[in-house]
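> need a structure here:
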Amino acid sequence: MSRKYFGTDGVRGKVGEFPITPEFVMHLGYAAGKVLASADWHLAQGENPAVLIGKDTRISGYLLESALQAGLIAAGVDVYLAGPIPTPAVAHLTRALRLQAGIVISASHNPFEDNGIKFFSGSGEKLPDETERAIEAGLDSPIVTMASARLGKARRIDDAAGRYIEFCKSSFPYELDLRGLKLVVDCAHGAAYHIARHVFHELGADVVAIGVEPDGRNINAGYGATAPANLQKAVVEHKANLGIALDGDGDRLIMTDSAGTLYDGDQLLYVIAKHRQSTGLMKGGVVGTLMTNLGFEHAMQRINIPFARAKVGDRYVMEVLQQKGWQLGGENSGHIISLDKHSTGDGIISALQVLHALRRTDQTLAEAAQGLVMYPQVLVNVRVDKAAALLENAHVKAAVAEAEGSLDGKGRVLLRPSGTEPLLRVMVEGEDGVLVRKCAEGIAAVVRGIA
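Numbering: from 1, shown residues only. As a prediction, the model looks like this:
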(Lines give C-alpha, C1' and ligand atoms only; values in the text may rest on other atoms or scores of the structure.)
Protein backbone atom coordinates (compact mmCIF):
# COMPACT_ATOMS: atom_id res chain seq x y z
CA MET A 1 0.00 0.00 0.00
CA SER A 2 1.43 3.37 -1.00
CA ARG A 3 1.73 6.24 1.44
CA LYS A 4 -0.65 9.16 0.99
CA TYR A 5 1.29 11.98 2.65
CA PHE A 6 4.83 10.72 3.23
CA GLY A 7 7.28 11.08 0.35
CA THR A 8 10.87 9.87 0.22
CA ASP A 9 11.79 12.28 3.02
CA GLY A 10 8.77 12.89 5.21
CA VAL A 11 5.76 15.13 4.61
CA ARG A 12 6.67 18.22 2.64
CA GLY A 13 4.99 21.13 0.87
CA LYS A 14 4.36 24.87 0.74
CA VAL A 15 3.56 26.41 4.12
CA GLY A 16 -0.12 27.32 4.42
CA GLU A 17 -1.16 24.85 1.74
CA PHE A 18 -2.31 21.36 2.62
CA PRO A 19 -0.71 19.34 4.13
CA ILE A 20 1.70 21.90 5.65
CA THR A 21 -0.97 23.69 7.67
CA PRO A 22 -1.11 24.03 11.47
CA GLU A 23 -4.29 21.94 11.61
CA PHE A 24 -2.83 19.03 9.68
CA VAL A 25 0.54 19.15 11.44
CA MET A 26 -1.15 19.11 14.84
CA HIS A 27 -3.15 16.06 13.71
CA LEU A 28 0.05 14.49 12.36
CA GLY A 29 1.70 15.00 15.75
CA TYR A 30 -1.28 13.43 17.48
CA ALA A 31 -1.37 10.44 15.09
CA ALA A 32 2.38 9.90 15.50
CA GLY A 33 1.99 10.19 19.26
CA LYS A 34 -0.72 7.53 19.32
CA VAL A 35 1.48 5.15 17.29
CA LEU A 36 4.33 5.78 19.72
CA ALA A 37 2.09 5.36 22.76
CA SER A 38 0.81 2.02 21.48
CA ALA A 39 4.28 0.58 20.90
CA ASP A 40 5.89 -1.76 23.42
CA TRP A 41 8.57 0.51 24.88
CA HIS A 42 8.77 -1.18 28.31
CA LEU A 43 8.24 2.19 29.96
CA ALA A 44 7.89 2.49 33.71
CA GLN A 45 4.37 2.65 35.16
CA GLY A 46 2.86 6.03 34.37
CA GLU A 47 5.80 7.14 32.21
CA ASN A 48 5.03 8.76 28.86
CA PRO A 49 6.88 8.04 25.63
CA ALA A 50 9.06 10.98 24.63
CA VAL A 51 10.20 12.56 21.36
CA LEU A 52 12.73 15.20 20.36
CA ILE A 53 11.78 18.03 17.99
CA GLY A 54 14.45 19.93 16.07
CA LYS A 55 14.08 22.37 13.19
CA ASP A 56 15.98 24.39 10.64
CA THR A 57 15.94 28.19 10.43
CA ARG A 58 12.76 28.77 8.38
CA ILE A 59 10.40 31.31 9.90
CA SER A 60 7.56 28.79 9.65
CA GLY A 61 9.40 26.51 12.06
CA TYR A 62 7.88 28.35 15.00
CA LEU A 63 4.37 27.72 13.73
CA LEU A 64 4.86 24.05 12.95
CA GLU A 65 6.82 23.35 16.12
CA SER A 66 3.91 24.62 18.23
CA ALA A 67 1.39 22.60 16.22
CA LEU A 68 3.39 19.39 16.48
CA GLN A 69 3.96 19.93 20.16
CA ALA A 70 0.24 20.37 20.82
CA GLY A 71 -0.68 17.19 18.95
CA LEU A 72 1.97 15.09 20.68
CA ILE A 73 1.11 16.37 24.15
CA ALA A 74 -2.60 15.71 23.51
CA ALA A 75 -1.66 12.09 22.73
CA GLY A 76 0.23 11.74 26.01
CA VAL A 77 3.77 12.12 24.67
CA ASP A 78 6.50 14.18 26.34
CA VAL A 79 8.36 16.59 24.06
CA TYR A 80 12.00 17.71 24.12
CA LEU A 81 12.62 20.92 22.15
CA ALA A 82 16.11 21.31 20.67
CA GLY A 83 15.58 24.44 18.57
CA PRO A 84 17.50 24.93 15.30
CA ILE A 85 19.84 21.97 14.82
CA PRO A 86 20.80 19.85 11.79
CA THR A 87 18.71 16.83 10.85
CA PRO A 88 21.51 14.38 11.79
CA ALA A 89 21.77 16.08 15.19
CA VAL A 90 18.16 15.11 15.86
CA ALA A 91 18.98 11.50 14.94
CA HIS A 92 21.98 11.50 17.30
CA LEU A 93 20.24 13.15 20.25
CA THR A 94 17.18 10.92 19.93
CA ARG A 95 19.42 7.91 20.29
CA ALA A 96 21.69 9.43 22.95
CA LEU A 97 18.77 10.47 25.16
CA ARG A 98 17.05 7.09 24.71
CA LEU A 99 13.89 8.70 23.37
CA GLN A 100 11.22 6.91 21.38
CA ALA A 101 11.45 9.10 18.27
CA GLY A 102 12.88 12.26 16.79
CA ILE A 103 11.08 14.76 14.56
CA VAL A 104 12.69 17.29 12.22
CA ILE A 105 10.87 20.34 10.89
CA SER A 106 12.68 21.11 7.65
CA ALA A 107 12.36 21.15 3.87
CA SER A 108 16.10 20.55 3.46
CA HIS A 109 17.37 22.28 0.29
CA ASN A 110 14.00 23.79 -0.70
CA PRO A 111 13.27 27.56 -0.49
CA PHE A 112 12.01 29.08 2.77
CA GLU A 113 8.35 29.08 1.67
CA ASP A 114 8.38 25.27 1.89
CA ASN A 115 8.63 23.16 5.00
CA GLY A 116 8.24 19.56 6.03
CA ILE A 117 8.07 17.03 8.84
CA LYS A 118 10.28 13.95 8.95
CA PHE A 119 10.70 11.32 11.63
CA PHE A 120 13.50 9.23 13.13
CA SER A 121 13.08 6.07 15.17
CA GLY A 122 14.58 5.69 18.62
CA SER A 123 17.66 4.14 17.00
CA GLY A 124 18.27 7.32 14.96
CA GLU A 125 17.13 5.89 11.62
CA LYS A 126 14.38 7.01 9.23
CA LEU A 127 11.05 5.39 10.07
CA PRO A 128 10.23 2.27 8.05
CA ASP A 129 7.41 2.53 5.52
CA GLU A 130 5.04 0.46 7.65
CA THR A 131 5.35 2.87 10.61
CA GLU A 132 4.67 5.84 8.35
CA ARG A 133 1.61 4.03 7.02
CA ALA A 134 0.41 3.43 10.59
CA ILE A 135 0.74 7.15 11.31
CA GLU A 136 -1.19 7.96 8.14
CA ALA A 137 -3.95 5.55 9.18
CA GLY A 138 -4.24 7.44 12.47
CA LEU A 139 -5.01 10.64 10.59
CA ASP A 140 -8.43 9.20 9.77
CA SER A 141 -9.38 9.29 13.46
CA PRO A 142 -10.26 12.52 15.32
CA ILE A 143 -8.05 13.99 18.02
CA VAL A 144 -9.22 12.78 21.42
CA THR A 145 -7.18 14.52 24.10
CA MET A 146 -5.84 12.34 26.89
CA ALA A 147 -7.09 12.92 30.42
CA SER A 148 -5.25 15.78 32.11
CA ALA A 149 -3.23 13.41 34.29
CA ARG A 150 -1.95 11.62 31.19
CA LEU A 151 -1.01 14.64 29.05
CA GLY A 152 2.55 15.01 27.91
CA LYS A 153 4.93 17.74 29.05
CA ALA A 154 7.47 19.84 27.17
CA ARG A 155 10.99 20.88 28.08
CA ARG A 156 13.82 22.58 26.22
CA ILE A 157 17.31 21.07 25.76
CA ASP A 158 19.66 24.00 26.26
CA ASP A 159 22.89 22.20 25.32
CA ALA A 160 21.72 20.42 22.13
CA ALA A 161 24.24 22.21 19.87
CA GLY A 162 27.16 21.52 22.20
CA ARG A 163 26.30 17.83 22.50
CA TYR A 164 26.20 17.48 18.74
CA ILE A 165 29.47 19.37 18.20
CA GLU A 166 31.25 16.91 20.49
CA PHE A 167 29.63 13.96 18.71
CA CYS A 168 30.85 15.20 15.31
CA LYS A 169 34.38 15.71 16.62
CA SER A 170 34.40 12.17 18.02
CA SER A 171 34.04 10.80 14.47
CA PHE A 172 37.49 12.16 13.56
CA PRO A 173 40.60 10.21 14.71
CA TYR A 174 41.96 11.54 17.99
CA GLU A 175 45.55 11.34 16.75
CA LEU A 176 44.79 13.68 13.83
CA ASP A 177 43.94 17.37 13.69
CA LEU A 178 43.21 20.02 11.07
CA ARG A 179 45.97 22.46 11.98
CA GLY A 180 47.42 24.24 8.99
CA LEU A 181 44.20 23.95 6.95
CA LYS A 182 42.15 26.98 5.99
CA LEU A 183 38.53 26.05 5.33
CA VAL A 184 35.58 28.04 4.04
CA VAL A 185 32.41 26.57 5.56
CA ASP A 186 29.06 27.49 3.99
CA CYS A 187 26.03 26.69 6.16
CA ALA A 188 23.31 27.90 3.74
CA HIS A 189 21.89 30.18 6.46
CA GLY A 190 20.48 26.91 7.74
CA ALA A 191 20.41 24.64 10.75
CA ALA A 192 24.20 24.23 11.04
CA TYR A 193 24.90 27.99 11.14
CA HIS A 194 25.94 27.89 14.83
CA ILE A 195 27.51 24.43 14.77
CA ALA A 196 29.62 23.56 11.72
CA ARG A 197 32.33 26.20 12.06
CA HIS A 198 32.92 25.22 15.70
CA VAL A 199 33.47 21.55 14.79
CA PHE A 200 36.21 22.34 12.29
CA HIS A 201 37.74 25.15 14.34
CA GLU A 202 37.95 23.02 17.50
CA LEU A 203 39.78 20.37 15.47
CA GLY A 204 42.40 22.98 14.59
CA ALA A 205 41.33 24.49 11.25
CA ASP A 206 41.32 28.17 10.39
CA VAL A 207 37.64 28.63 9.48
CA VAL A 208 36.00 31.29 7.34
CA ALA A 209 32.23 30.90 7.84
CA ILE A 210 29.68 32.09 5.28
CA GLY A 211 25.93 31.54 5.07
CA VAL A 212 25.68 31.88 8.85
CA GLU A 213 23.25 34.79 9.21
CA PRO A 214 19.78 33.23 9.07
CA ASP A 215 16.78 35.56 9.15
CA GLY A 216 14.05 32.97 8.63
CA ARG A 217 13.74 33.75 4.94
CA ASN A 218 17.23 33.34 3.45
CA ILE A 219 17.81 29.61 4.00
CA ASN A 220 19.45 28.11 0.86
CA ALA A 221 19.16 31.46 -0.93
CA GLY A 222 22.40 31.86 -2.89
CA TYR A 223 24.36 29.77 -0.40
CA GLY A 224 24.86 26.14 0.53
CA ALA A 225 25.22 22.86 -1.30
CA THR A 226 22.62 23.71 -3.94
CA ALA A 227 24.05 27.18 -4.68
CA PRO A 228 27.85 26.87 -4.33
CA ALA A 229 28.97 29.93 -6.34
CA ASN A 230 29.62 32.01 -3.21
CA LEU A 231 31.61 29.15 -1.69
CA GLN A 232 33.79 28.88 -4.81
CA LYS A 233 34.38 32.64 -4.79
CA ALA A 234 35.22 32.74 -1.08
CA VAL A 235 37.69 29.84 -1.32
CA VAL A 236 39.67 31.66 -4.00
CA GLU A 237 39.45 35.07 -2.30
CA HIS A 238 40.61 33.74 1.09
CA LYS A 239 43.22 31.43 -0.45
CA ALA A 240 41.65 28.54 1.43
CA ASN A 241 42.67 24.90 1.06
CA LEU A 242 39.10 23.62 0.81
CA GLY A 243 35.49 24.71 0.80
CA ILE A 244 32.67 22.85 2.56
CA ALA A 245 29.00 23.49 1.73
CA LEU A 246 26.05 22.06 3.64
CA ASP A 247 22.38 22.35 2.77
CA GLY A 248 19.64 23.91 4.88
CA ASP A 249 19.28 21.00 7.29
CA GLY A 250 22.91 19.91 7.33
CA ASP A 251 22.71 16.38 5.92
CA ARG A 252 24.10 17.13 2.45
CA LEU A 253 27.72 17.93 1.51
CA ILE A 254 29.45 19.49 -1.49
CA MET A 255 33.15 20.49 -1.41
CA THR A 256 35.61 22.54 -3.46
CA ASP A 257 39.37 22.39 -3.74
CA SER A 258 41.68 25.39 -3.48
CA ALA A 259 40.94 26.40 -7.08
CA GLY A 260 37.20 26.48 -6.41
CA THR A 261 36.52 23.29 -8.39
CA LEU A 262 33.38 21.54 -7.19
CA TYR A 263 33.24 17.91 -6.00
CA ASP A 264 29.82 16.28 -5.72
CA GLY A 265 28.61 13.38 -3.60
CA ASP A 266 29.89 10.71 -5.99
CA GLN A 267 33.39 12.18 -6.01
CA LEU A 268 33.53 12.62 -2.23
CA LEU A 269 32.20 9.10 -1.68
CA TYR A 270 34.94 7.82 -3.98
CA VAL A 271 37.63 9.58 -1.91
CA ILE A 272 36.29 8.02 1.30
CA ALA A 273 35.85 4.54 -0.20
CA LYS A 274 39.27 4.48 -1.87
CA HIS A 275 40.98 5.48 1.37
CA ARG A 276 39.12 2.87 3.37
CA GLN A 277 39.96 0.20 0.81
CA SER A 278 43.66 1.09 0.85
CA THR A 279 43.84 0.99 4.66
CA GLY A 280 41.78 -2.15 5.21
CA LEU A 281 38.91 -0.22 6.79
CA MET A 282 36.41 -1.00 4.04
CA LYS A 283 33.62 -3.30 5.19
CA GLY A 284 31.78 -4.86 2.25
CA GLY A 285 30.93 -2.54 -0.61
CA VAL A 286 29.36 0.80 -1.45
CA VAL A 287 25.71 1.57 -2.14
CA GLY A 288 24.79 4.29 -4.62
CA THR A 289 21.48 5.12 -6.27
CA LEU A 290 19.96 5.07 -9.72
CA MET A 291 21.43 8.58 -10.12
CA THR A 292 25.00 7.60 -9.21
CA ASN A 293 27.35 8.38 -12.10
CA LEU A 294 28.28 5.41 -14.27
CA GLY A 295 31.91 6.47 -13.91
CA PHE A 296 31.66 5.84 -10.16
CA GLU A 297 30.45 2.30 -10.74
CA HIS A 298 33.36 1.65 -13.09
CA ALA A 299 35.83 3.18 -10.60
CA MET A 300 34.57 0.84 -7.86
CA GLN A 301 35.17 -2.11 -10.18
CA ARG A 302 38.76 -0.99 -10.81
CA ILE A 303 39.61 -0.93 -7.09
CA ASN A 304 37.68 -4.14 -6.34
CA ILE A 305 34.92 -2.64 -4.22
CA PRO A 306 31.46 -4.22 -4.66
CA PHE A 307 28.80 -1.73 -5.74
CA ALA A 308 25.00 -1.79 -5.61
CA ARG A 309 22.32 0.70 -6.64
CA ALA A 310 19.28 1.65 -4.56
CA LYS A 311 16.27 3.75 -5.41
CA VAL A 312 16.86 7.50 -5.11
CA GLY A 313 16.64 8.70 -1.52
CA ASP A 314 18.92 8.20 1.45
CA ARG A 315 16.29 6.01 3.17
CA TYR A 316 16.65 3.49 0.32
CA VAL A 317 20.45 3.66 0.41
CA MET A 318 20.14 2.83 4.10
CA GLU A 319 17.85 -0.13 3.41
CA VAL A 320 20.34 -1.70 0.98
CA LEU A 321 23.26 -1.05 3.36
CA GLN A 322 21.41 -2.86 6.13
CA GLN A 323 20.39 -5.73 3.86
CA LYS A 324 23.99 -6.29 2.78
CA GLY A 325 25.67 -5.48 6.09
CA TRP A 326 27.75 -2.73 4.47
CA GLN A 327 28.67 0.64 5.99
CA LEU A 328 29.21 3.18 3.22
CA GLY A 329 26.81 4.66 0.70
CA GLY A 330 25.45 7.86 -0.71
CA GLU A 331 23.96 9.99 -3.45
CA ASN A 332 25.53 12.34 -5.97
CA SER A 333 23.46 15.13 -4.39
CA GLY A 334 25.76 14.94 -1.37
CA HIS A 335 23.96 12.66 1.06
CA ILE A 336 26.71 10.34 2.34
CA ILE A 337 26.12 7.63 4.95
CA SER A 338 28.92 6.16 7.07
CA LEU A 339 27.17 3.71 9.37
CA ASP A 340 30.30 3.19 11.44
CA LYS A 341 30.11 6.89 12.35
CA HIS A 342 26.39 7.74 12.44
CA SER A 343 22.99 6.15 11.94
CA THR A 344 22.05 8.54 9.14
CA GLY A 345 23.59 10.83 6.51
CA ASP A 346 25.49 13.75 8.01
CA GLY A 347 27.15 16.58 6.07
CA ILE A 348 29.63 17.56 8.79
CA ILE A 349 30.69 13.99 9.57
CA SER A 350 30.99 13.23 5.85
CA ALA A 351 33.31 16.23 5.44
CA LEU A 352 35.38 14.91 8.33
CA GLN A 353 35.67 11.52 6.61
CA VAL A 354 37.02 13.24 3.48
CA LEU A 355 39.43 15.29 5.60
CA HIS A 356 40.52 12.11 7.38
CA ALA A 357 41.48 10.59 4.02
CA LEU A 358 43.35 13.74 2.93
CA ARG A 359 45.29 14.02 6.20
CA ARG A 360 46.28 10.35 6.22
CA THR A 361 47.47 10.38 2.62
CA ASP A 362 48.82 13.96 2.59
CA GLN A 363 46.95 14.57 -0.67
CA THR A 364 44.93 17.43 -2.05
CA LEU A 365 41.29 16.79 -2.85
CA ALA A 366 42.10 16.82 -6.57
CA GLU A 367 44.81 14.19 -6.07
CA ALA A 368 42.57 11.99 -3.93
CA ALA A 369 39.78 12.09 -6.53
CA GLN A 370 42.06 10.97 -9.36
CA GLY A 371 40.99 7.62 -10.73
CA LEU A 372 37.33 8.58 -10.91
CA VAL A 373 36.40 9.66 -14.43
CA MET A 374 32.93 11.13 -14.32
CA TYR A 375 30.70 10.58 -17.34
CA PRO A 376 28.91 13.68 -18.62
CA GLN A 377 25.49 13.68 -16.94
CA VAL A 378 22.60 16.02 -17.69
CA LEU A 379 19.60 16.32 -15.37
CA VAL A 380 16.54 18.24 -16.58
CA ASN A 381 13.68 18.86 -14.14
CA VAL A 382 10.28 19.20 -15.82
CA ARG A 383 7.46 20.60 -13.68
CA VAL A 384 4.40 18.37 -14.10
CA ASP A 385 1.27 17.50 -12.12
CA LYS A 386 1.31 13.70 -12.46
CA ALA A 387 4.88 12.62 -13.02
CA ALA A 388 4.37 8.90 -12.42
CA ALA A 389 1.66 8.64 -15.09
CA LEU A 390 3.96 10.14 -17.72
CA LEU A 391 6.36 7.21 -17.37
CA GLU A 392 3.75 5.02 -19.08
CA ASN A 393 2.99 7.48 -21.87
CA ALA A 394 3.71 5.99 -25.32
CA HIS A 395 5.32 9.19 -26.65
CA VAL A 396 7.62 9.44 -23.62
CA LYS A 397 8.58 5.78 -23.95
CA ALA A 398 9.37 6.30 -27.63
CA ALA A 399 11.58 9.30 -26.82
CA VAL A 400 13.47 7.26 -24.23
CA ALA A 401 13.94 4.38 -26.66
CA GLU A 402 15.28 6.76 -29.31
CA ALA A 403 17.76 8.27 -26.83
CA GLU A 404 18.95 4.85 -25.71
CA GLY A 405 19.48 3.88 -29.34
CA SER A 406 21.58 7.01 -29.90
CA LEU A 407 23.76 6.20 -26.86
CA ASP A 408 24.43 2.75 -28.35
CA GLY A 409 25.09 1.04 -25.03
CA LYS A 410 27.54 3.73 -23.86
CA GLY A 411 25.28 5.52 -21.40
CA ARG A 412 22.05 5.47 -19.41
CA VAL A 413 18.64 7.13 -19.49
CA LEU A 414 16.62 7.46 -16.28
CA LEU A 415 13.25 9.12 -15.73
CA ARG A 416 11.90 9.36 -12.22
CA PRO A 417 9.31 11.42 -10.32
CA SER A 418 10.70 13.61 -7.55
CA GLY A 419 9.76 12.42 -4.09
CA THR A 420 9.64 15.97 -2.70
CA GLU A 421 8.47 18.26 -5.54
CA PRO A 422 6.00 18.10 -8.51
CA LEU A 423 8.76 17.30 -10.98
CA LEU A 424 9.74 14.60 -13.43
CA ARG A 425 13.52 14.29 -13.44
CA VAL A 426 15.07 13.39 -16.79
CA MET A 427 18.65 12.13 -16.45
CA VAL A 428 20.92 11.07 -19.30
CA GLU A 429 24.61 10.19 -19.02
CA GLY A 430 27.21 8.78 -21.39
CA GLU A 431 30.64 9.23 -22.91
CA ASP A 432 29.64 11.94 -25.42
CA GLY A 433 28.58 15.09 -23.54
CA VAL A 434 27.02 16.78 -26.57
CA LEU A 435 24.92 13.72 -27.35
CA VAL A 436 23.92 13.35 -23.70
CA ARG A 437 22.55 16.92 -23.55
CA LYS A 438 20.74 16.50 -26.86
CA CYS A 439 19.04 13.33 -25.61
CA ALA A 440 18.05 14.86 -22.27
CA GLU A 441 16.62 18.00 -23.81
CA GLY A 442 14.79 15.95 -26.43
CA ILE A 443 13.04 13.76 -23.84
CA ALA A 444 12.25 16.82 -21.66
CA ALA A 445 10.67 18.57 -24.67
CA VAL A 446 8.40 15.58 -25.27
CA VAL A 447 7.38 15.55 -21.59
CA ARG A 448 6.61 19.29 -21.62
CA GLY A 449 4.52 18.88 -24.76
CA ILE A 450 2.35 16.30 -23.03
CA ALA A 451 2.21 17.89 -19.56
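
> which stretches of the protein have low pLDDT?
1-2, 40-42 (pLDDT under 70).

> which residue would you name as the spatial centre of it?
D251 (4.4 Å; Cα atoms, centre = their mean).

> list the contacts for that residue?
By Cβ atoms under 8 Å, 6 or more residues apart in numbering, the contact list for D251 reads 86-88, 108, 314, 335, 344-347. Placement of C-beta: from N, CA and C, glycine included.

> 7 Å instead?
By Cβ atoms under 7 Å, 6 or more residues apart in numbering, the residues touching D251 are 86-88, 335, 345-347.

> equivalent analysis for G248, please.
Contacts for G248 (Cβ under 7 Å, 6+ apart) come out as 56, 106, 108-109, 188, 190-191, 219-220, 224.

> so how far is Y263 from it?
20 Å (Cβ to Cβ, to the nearest Å).

> out of the contacts of D251, who's nearest R156?
Closest to R156 out of the contacts of D251 is P86 (17.6 Å), distances taken as Cβ to Cβ.

> identify the residue spatially nearest to the closest one, adjacent ones excluded.
Among residues not flanking P86 along the chain, G250 sits closest, at 2.8 Å (Cβ to Cβ, 6 or more residues apart in numbering).

> what do you get for G152?
Nearest non-adjacent residue to G152, counting by Cβ to Cβ, 6+ apart: I73, 4.0 Å away.

> the one you found and K153, how far apart?
When I73 is compared with K153 (using Cβ to Cβ), they lie 7 Å apart.

> which of the two has more neighbours?
The neighbour comparison of I73 against K153 (other Cβ atoms under 10 Å) goes to I73, with 21 against 11.

> pretty sure that one sits in a helix.
Yes. Assigned with DSSP: H, G, I helix; E, B strand; the rest coil, I73 falls within a helix.

> quick one on the thing from earlier: so who does the residue nearest to G152 touch?
Neighbours of I73 in contact, by Cβ under 7 Å, 6+ apart: 79, 151-152, 154.

> quick revisit: does the residue nearest to P86 count as helix, strand or coil?
coil.

> residues touching it, list them.
Contacts of G250 by Cβ under 7 Å, 6+ apart are 86-88, 190-192, 347-348.

> could you look up the SS state of I305?
Three-state call for I305 (three-state DSSP): coil.

> what sits against it?
With Cβ under 7 Å, 6+ apart, I305 has these contacts: 273, 277, 282, 285-286.

> closest one of the contacts of I73 to H395?
Looking across the contacts of I73 and measuring by Cβ to Cβ, the closest to H395 is V79, at 50.7 Å.

> beta-bridge partners for that closest one, please?
Residues in a beta bridge with V79, per DSSP bridges, are V51, A154.

> count of neighbours near it?
V79 has 25 nearby residues by other Cβ under 10 Å.

> can you check D129 too?
Close neighbours of D129, defined as other Cβ under 10 Å, add up to 14.

> next: the one 3 residues further on.
Using other Cβ under 10 Å, E132 has 22 other residues around it.

> that one is in contact with F6, isn't it?
Yes. E132 is within contact range of F6, at 4.4 Å (criterion: Cβ atoms under 7 Å).

> which residues touch the residue nearest to Q377 when sequence neighbours are not counted?
Closest residue to Q377 apart from its sequence neighbours, by Cβ to Cβ, 6+ apart: E429 at 3.9 Å. The neighbours of E429, taking Cβ under 7 Å, 6+ apart as the test, are 293-294, 375-377, 411-412, 436.

> and V426, by the same measure?
V426 neighbours (Cβ under 7 Å, 6+ apart): 380, 382, 415, 440, 443-444, 447.

> would you mind measuring from it to I254?
Counting by Cβ to Cβ, the gap from V426 to I254 is 22 Å.

> same deal with G180?
Here G180 is placed at a distance of 23 Å from I254 (Cβ to Cβ).

> the two: which has the busier surroundings?
For G180 versus I254, neighbours defined as other Cβ under 10 Å are more numerous around I254 (26 against 10).

> can you classify the more buried one as helix, strand or coil?
Judged by three-state DSSP, the three-state class of I254 is strand.

> wait, it sits on H335?
No. I254 is beyond contact range of H335, at 10.9 Å (criterion: Cβ under 7 Å).

> what are the boundaries of the helices in the stretch 1-150 of the chain?
Listed in chain order, the helices of the stretch 1-150 of the chain (DSSP state H, counting those that start in this stretch) span residues 22-38, 61-74, 87-96, 129-138.

> and of these, who's closest to V354?
Judged by Cβ to Cβ, the one of the helices of the stretch 1-150 of the chain that comes nearest to V354 is helix 87-96, at 15.9 Å.

> break this protein into its domains for me.
Per the record, the chain has its domains at 11-160, 178-261, 264-369, 377-450, by automatic domain parsing.

> dump the ones you listed into JSON lines; add distance to S171 as well.
Shown next, in JSON lines, are the domains of the chain (distance: least, Cβ to Cβ, whole Å):
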{"stretch": "domain 11-160", "distance to S171": "10"}
{"stretch": "domain 178-261", "distance to S171": "10"}
{"stretch": "domain 264-369", "distance to S171": "4"}
{"stretch": "domain 377-450", "distance to S171": "27"}
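
> please identify the most buried of these.
Highest mean neighbour count among the domains of the chain (mean count of other Cβ atoms under 10 Å): domain 178-261, with a mean of 22.

> just how off-centre is that one within its chain?
16 Å (Cα atoms, centre = their mean, to the nearest Å).

> just stretch 281-295 next, same as before
How far stretch 281-295 lies from its chain's middle: 16 Å, per Cα atoms, centre = their mean.

> that stretch: end-to-end distance?
The first and last residues of stretch 281-295 sit 23 Å apart, counting by Cα to Cα, to the nearest Å.

> now what about it, what contacts it?
266, 269, 273, 276, 296, 300, 305-312, 317, 320-321, 324-332, 372-375, 377, 412, 414, 416, 427, 429.

> just the ones in helices from those residues, please.
Mapping those onto helices (DSSP state H) picks out 266, 269, 273, 276, 296, 300, 317, 320-321, 324.

> pick out whichever of the residues you listed sits closest to R197.
Scanning the ones in helices among the contacts of stretch 281-295 for proximity to R197, where the rule is Cβ to Cβ, the winner is L269, at 23.9 Å.
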